[in-house]
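Peer 1: predicted structure and sequence below. I'll ask about it afterward.
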Amino acid sequence: MKVTLDSNLSIMNVFEPPIELRFNGNTVTLKDLLEKINDLCSGIQVLKDGAPGDDVRNIILNGKDYFFIPKGLDTPLKNGDHVNLEIYLEPLGGG
């Protein structure tokens, strides 16, 4: 199964959306997808204690806001689904 992920976050040579993520198995959830992104982008808190991490501002699954999806992160994904992950990071300083 493959899911397309788009995001405002880009980490050169590590995570450059849009990307297609492939999963094995019959049941893959939105939480599984976030776990995979959390592993790829170790400095970003995408998932924390089974919930969206502090750096996540919004998750949109096939045009529907995550907060309005009844099963939340337990929502099963289907082949061809499109997820948009909006990340917000505080400025690192400078000036």
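Peer 2: Done, it's in.
Peer 1: all strands for this structure, in order.
Peer 2: Along the chain, counting by DSSP state E, strands occupy 2-7, 19-22, 47-48, 51-52, 56-61, 64-65, 82-87.
Peer 1: in TSV: the ones you listed, plus distance to Lys31.
Peer 2: C-beta: built from backbone N, CA, C; applies to glycine. What follows is the strands of the chain, written out as TSV (distance: least, C-beta to C-beta, whole Å):
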stretch	distance to Lys31
strand 2-7	13
strand 19-22	13
strand 47-48	7
strand 51-52	9
strand 56-61	11
strand 64-65	16
strand 82-87	12
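Peer 1: want to try TSV for these, with mean pLDDT as columns?
Peer 2: Converted to TSV, the strands of the chain look like this (pLDDT from 0 to 100):
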stretch	mean pLDDT
strand 2-7	94
strand 19-22	90
strand 47-48	90
strand 51-52	92
strand 56-61	94
strand 64-65	94
strand 82-87	94
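Peer 1: can you add distance to Thr75 and mean neighbour count and give the ones you listed back as CSV?
Peer 2: Putting the strands of the chain into CSV (distance: least, C-beta to C-beta, whole Å; neighbours: other C-beta atoms under 10 Å) gives the following:
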stretch, distance to Thr75, mean neighbour count
strand 2-7, 12, 17
strand 19-22, 15, 12
strand 47-48, 14, 17
strand 51-52, 13, 16
strand 56-61, 7, 18
strand 64-65, 10, 11
strand 82-87, 10, 18
